[in-house]
Every structure is written in C-alpha cells, then in structure tokens.
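need coordinates for the below:
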Amino acid sequence: MTDNTHLFFLKKLLDTNVFDQSEAITIFEALIDGKLDETQSAVFLTALAFCPDNPMFLANAAAQVLKRGQKLPSFPHKDALDTCGTGGDYSSSFNISTTVAFILAACDVPVIKHGNRSSSSNSGSSDVLQYLGVRIDSPPEIAEETFKKLGICFCFAPQYYPFLKNLAPIRKKLGFRTIFNQIGPLVNPGGSGTHLLGVSRNSFLDLFAQALLQMGKQGIVVCGGGKMDEVILDAPNELRIIRSGAIAASTLLPADFGLNPVSLSEIKANSIEESAGIIIDILNGSIIPGRDVVLANTALALFAANKVKNVKDGVEFAKIAIDQGKAKAILDQLKSFVV
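Numbers count the residues shown, from 1 in each chain. Coordinates of the predicted model:
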C-alpha cells in the first residue's frame, strides 16, 4: 500500500467521519507494521480516539496484534484465565488483580497473567511482580514450562509485542489513552479462554464484552462504581457476563459478597514498595481492608471460571486458599522457579 493510499483513507475518515471497518483495519495493520510515518500515525490514533467505540474493530485490531506477537508454545490455553484490566482509573490502588492471580492459582484455576509497567498508577503488575522477586521477562518457552508446573505464569507485554515499541514515543507525545490501551487486555499471549476484565468506566462494559464475544472468549467485564477497573466494596459493581455465546448484564452490590465495606482510601498504595507490602500482608493472612477487596475480586473470577455457583461461595473458597497458605506458596514457588 502506498503512502498516498494511507493519506486518502485518513482524509476520508477525518472529512466524513465514516468509519469503514476494512479501511480502518488496513490502516491499523500499516500502523503496527511500521508503514506509517510519525505524523500519519499520530493522525490515525487521534482520529480513532474521536470515533465512537466499535467492538468489531477492537476485536479485529486485537487479532492483528495477536497474529504478529509471540505466543506460548501451546497457544491457545482455553482453560486459562487472565485478570488483566484496562487501568486508567487513576485510583492509586494497590495491585489487586495481581494478588487475585496468586489466589486463583491456589484454587486450581490456571492463570496466564498478562501485564505491563504502570502508565497511570503508582505500580503496574510488572513493576510489583519484579519487586516481589518474580521474573517478568521469561521467554515464551520458560513461561509455558512455569504454567505447566505451577498453574500460573506471567507474560510481560513488551516482550511479546516488541513491534509496538516504535509507537511508544508517539503515544507518549499524544498524551491521551489510545486504542492500544483497549487492545492490551484482549491480547493474552497464552490465548486464555476466560477473562476477568476490569474497565474504568461503565461506558466500556458493552464495548469489551462484545469484543470478547467476537474473539470467542468467555468471562466477565466489571466496572466498580463507574470509576474503577476492579470490584469495589463501597458502591455497586456493573457487570457483563459473557457465556455460551451471549452477554448478560448484572449488578453486584457490596452486600452480595458478605464482606465489610471498604473505601478507596483504605486500598491506596503510594509506591511499588507499598503495594508489594500490602500483597504480602494479604497472602500472609492479615485481616486488612485490602483483603476483603481481593476476596471479592477473586470470588468474581472464580465465578467467571465456573468454579463456584455464586460470589459468596467464591469468597469462602478464596479465604481457604489464603488462610491455608496456598496462595503465598504459589508466589514463593513462582519466585524460586527454575526450569
């Protein structure tokens, strides 16, 4: 495709505001293949940001990124679950979904955790895992071996999608969240079949639920209180449940979990070190506010994985995994794992 063709597509998109799926995907492929210059890339990403959310385009764009990325050797692992969310809620909470991953593995739910360094919080999943002593840069073959032996592994996004590195300076200059922030939670390198996918606003619920459905996935998309990409315990949690080729809307109240209310201020972490400390305290069985939030999120993930019939049962299941030391053992094994 020539530069003139790229410019024609971009001009048409901007002039008419008509979003043609095939044309947009063609430009997107050119973008991730490095065929657009910096100006064209910036214009396209900006144009996409002003277009209405489009689940079909999001799913197709994610598929193109997956197609070009590295994968675990036995891709796809349809029995695995990922807890990667969109981020972007600016809540400064500790790494809840990362903590949940250890507990899920202790509950015999296979986990392939996909994540990156922080872009909008004080601690990204990769940041805190590295601080805890977990290797984050394992090549696909080692990650696969870890997964087979421990039932959990971590996939560091930049290692699996190195071709996106060239777009990082452009995204940074733009200063706003782009389509890649939406693609991230959808492109698990292990091909996980189930997702607990948190979104930072209710308007994203249907977008991601329909994208997951288009990609043949199942799971739950959740927004806590219309502001957080986690289950929270001080406001209603809106859900979209993707199962058996259909999407159902639901709401979970804090009382539905049988847990104590927890405010946002009680789960904040001002640094990677502070987040890691909270995670260790929870895995060691400390009764702190963050524990209840982790129990709620784990319970919903267990429900998404069809491990329990309701979230109250999920809470009890998760408590056992923590209090018997199984979840902490998963972290310790992950830290010391040697192929």
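
so, low pLDDT: which residues of the stretch 201-339 of the chain?
For the stretch 201-339 of the chain, the stretches with pLDDT under 70 are 338-339.

redo that, cut-off 90
Along the stretch 201-339 of the chain, segments meeting pLDDT under 90 span 337-339.

and the strands in it?
Secondary structure of the stretch 201-339 of the chain (DSSP state E, counting those that start in this stretch): strands at 218-224, 237-243, 246-252.

gap between P55 and L207?
5 Å (C-beta to C-beta, to the nearest Å). (Glycine included, C-beta is placed from N, CA and C.)

circling back to that earlier point, nearest to I272, out of the strands of the stretch 201-339 of the chain?
Between I272 and these, the shortest separation by C-beta to C-beta is 22.3 Å, and it involves strand 218-224.

thinking G69 is in contact with P158, fair?
No: applying C-beta atoms under 8 Å, one finds G69 not in contact with P158, separated by 10.5 Å.

so those two - more neighbours on which side?
For G69 versus P158, the count of surrounding residues by other C-beta atoms under 10 Å is larger for G69: 20 against 14.

which ones are touching the more buried one?
Contact analysis of G69 by C-beta atoms under 8 Å, 6 or more residues apart in numbering lists Y160, Y161, F163, V187, P189.

of those, buried ones?
Neighbour-count burial (16 or more other C-beta atoms under 10 Å) applied to these gives Y160, Y161, V187, P189.

among those residues, which are located in strands?
Within these, no residue falls in strands by DSSP state E.

mind putting those residues in CSV, distance to A235 and pLDDT included?
Listed next are those as CSV, based on distance: C-beta to C-beta, whole Å; pLDDT from 0 to 100:
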residue, distance to A235, pLDDT
Y160, 35, 96
Y161, 34, 96
V187, 30, 97
P189, 33, 98
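
just to check, T98 is in contact with Y131?
No: T98 is not in contact with Y131 according to C-beta under 8 Å; the separation is 10.9 Å.

ignoring the adjacent residues along the chain, who's closest to Q130?
Counting by C-beta to C-beta, 6 or more residues apart in numbering, Q130 lies nearest to I136, which is 5.1 Å off, once chain neighbours are set aside.

please apply the same query to L58.
Closest to L58 by C-beta to C-beta, 6+ apart is A211, at 4.5 Å.

rewinding a little: now do the shared contacts for T98 and Y131.
Shared contacts of T98 and Y131 (C-beta under 8 Å, 6+ apart): none.

so which of these two has more stuff around it?
Remark: of T98 and Y131, T98 carries more neighbours, 27 against 17, as counted by other C-beta under 10 Å.

which residues touch that one?
The neighbours of T98, taking C-beta under 8 Å, 6+ apart as the test, are T83, K113, G115, S125, V128, L129, I279.

quick one, helices of the stretch 151-300 of the chain?
157-160, 168-174, 179-183, 205-214, 272-283, 289-304 (DSSP state H, counting those that start in this stretch).

switch those over to a markdown table; also include distance to P254.
Below are those laid out as a markdown table (distance: least, C-beta to C-beta, whole Å):
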| stretch | distance to P254 |
| --- | --- |
| helix 157-160 | 32 |
| helix 168-174 | 36 |
| helix 179-183 | 28 |
| helix 205-214 | 18 |
| helix 272-283 | 18 |
| helix 289-304 | 8 |
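
residue contacts, A62?
If you count contacts by C-beta under 8 Å, 6+ apart, then A62 has I183, L186, V187, A211, M215 around it.

closest to G193 among these?
M215 (9.9 Å).

picking up where we left off before, test my guess that the residue nearest to L58 contacts D53.
No: taking contacts as C-beta under 8 Å, A211 lies outside contact range of D53: 9.4 Å.

please say which of these two ends up with more neighbours.
More crowded of A211 and D53, by other C-beta under 10 Å: A211, with 28 against 14.

ok, and the closest non-adjacent residue to G219?
H195 (3.7 Å).

what's the burial count for the one you found?
For H195, using other C-beta under 10 Å, the count is 28.

re the thing from before, closest to A105 among the buried ones among the contacts of G69?
P189 (17.3 Å).

sorry, back to before: and among the helices of the stretch 151-300 of the chain, the most buried is which?
Greatest average neighbour count among the helices of the stretch 151-300 of the chain goes to helix 289-304 (a mean of 27), per mean count of other C-beta atoms under 10 Å.

ok and that helix relative to helix 272-283, angle-wise?
70 degrees (axes from the mean of the first three to the mean of the last three C-alpha atoms, to 10 degrees).

quick check: angle from helix 289-304 to strand 237-243?
30 degrees.

against which helices or strands is helix 289-304 packed?
helix 96-106, strand 194-198, strand 218-224, helix 272-283, helix 311-323 (3 or more C-beta pairs under 8 Å, 6 or more residues apart in numbering; DSSP states H and E).

pull the contacting residues for L58.
L58 touches I179, Q182, I183, L186, L207, F208, A211, counting by C-beta under 8 Å, 6+ apart.

count of residues packed around G88?
If you count neighbours by other C-beta under 10 Å, G88 ends up with 17.

isn't it up against S200?
Yes: in this structure, G88 is within contact of S200 by C-beta under 8 Å, at 4.6 Å.

what sits in contact with each of the two?
Both G88 and S200 are contacted by D229, under the criterion C-beta under 8 Å, 6+ apart.

pLDDT at the residue nearest to the spatial centre of the chain, what is it?
By C-alpha atoms, centre = their mean, the mean C-alpha position of the chain lies nearest to C84, the distance being 1.7 Å. For C84, the pLDDT comes out at 91.
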